[in-house]
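Novice: structure for the following, please:
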Amino acid sequence: MLTANAKETRMTRTPTAGTPSQVFIVEDHPVFREGLVQILSAASGLAVCGQAGSAEQALRDIPASGPALVLVDLSLPGKSGLELVRELRALDPKLKLLVVSMHDEALYADRVLRAGGDGYIMKQEDPEELVHAIQDVLAGHIYVSEAVLAGRSKPVSPKAARRETHGVESLTDAQLNLL
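Specialist: Below is the predicted model of the structure:
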């Protein structure tokens, strides 16, 4: 079911019992994107409803695709994945957003969570861990690695993660890209 009103455009469809959760993939590398499609197609309870190679294409295609979750790469041509997460969160607060990236989670995970993401997983993880991360996020949990959790002084909660700022997290996106 798609819903819309003057204040909020809701892009997610309410799943019916027994139907797989729809996942949209935003990744600029076709080989990696195809690998994600293969992993998710083999996973029970998940189906790929669309793909995009850029943030701009994703913003055009996601509303019609009605995903429950969007996998977002941080490094995209044009607009960054972090910017895309912010825009998608503003468009649909209920849409689940999981960043999958090669960039050091110690630098980016908190930033992604504060931008409105629901989790962060490194591209080097096993396919089974990616599926686990997606399932956790779909279940309403925040997903970050054990290493990120161990480095935090407080437990991760969606609201708290979006408010905290410290250390390298106080850098702007442009400053962080210079590191």
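
Novice: rest of the way, CA atoms for contacts and neighbours
Specialist: Noted.

Novice: centre-most residue in the protein?
Specialist: In the chain, the C-alpha nearest the mean C-alpha coordinate belongs to residue 98, at 2.2 Å (CA atoms, centre = their mean).

Novice: is it true that that residue lies in a strand?
Specialist: Yes. According to DSSP: H, G, I helix; E, B strand; the rest coil, residue 98 belongs to a strand.

Novice: thought it was touching residue 68?
Specialist: No. Using CA atoms under 8 Å, residue 98 is not in contact with residue 68, being 10.9 Å away.

Novice: now do the residue nearest to the centre of the chain against residue 39, distance only.
Specialist: Distance, residue 98 to residue 39, using CA to CA, to the nearest Å: 15 Å.

Novice: next one: residue 78
Specialist: Distance from residue 78 to residue 39, counting by CA to CA: 27 Å.

Novice: among the two, which residue is more densely surrounded?
Specialist: Neighbours were counted for residue 78 and for residue 39 using other CA atoms under 10 Å; residue 39 has more, 17 against 9.

Novice: does that one count as helix, strand or coil?
Specialist: For residue 39, the assignment made with three-state DSSP gives helix.

Novice: who's in contact with it?
Specialist: Contact analysis of residue 39 by CA atoms under 8 Å, 6 or more residues apart in numbering lists 127, 131.

Novice: and the pLDDT at it?
Specialist: Looking at residue 39, its pLDDT reads 97.

Novice: switch to numbering from 156
Specialist: Done: numbering now begins at 156, and the last item shifts to residue 194.

Novice: distance of it from residue 268?
Specialist: Residue 194 sits 24 Å away from residue 268, taking CA to CA as the criterion.

Novice: how about residue 300?
Specialist: Going from residue 300 to residue 268 by CA to CA gives 13 Å.

Novice: can you list residues touching both of the two?
Specialist: In terms of CA under 8 Å, 6+ apart, residue 300 and residue 268 are both contacted by the residues residue 275.

Novice: between the two, which one's more packed in?
Specialist: Remark: of residue 300 and residue 268, residue 268 carries more neighbours, 30 against 17, as counted by other CA under 10 Å.

Novice: secondary structure element holding the more buried one?
Specialist: Using DSSP states H and E, the element containing residue 268 is helix 260-270.

Novice: buried sites along that helix?
Specialist: By 16 or more other CA atoms under 10 Å, the buried positions in helix 260-270 come out as 260, 263-270.

Novice: all helices of the protein, in order?
Specialist: For the chain, applying DSSP state H gives helices covering 185-197, 210-220, 236-246, 260-270, 282-293, 301-306, 313-318, 328-332.

Novice: tell me which helix or strand of the chain sits lowest on mean pLDDT?
Specialist: strand 158-159 (a mean of 36; mean pLDDT, DSSP states H and E).
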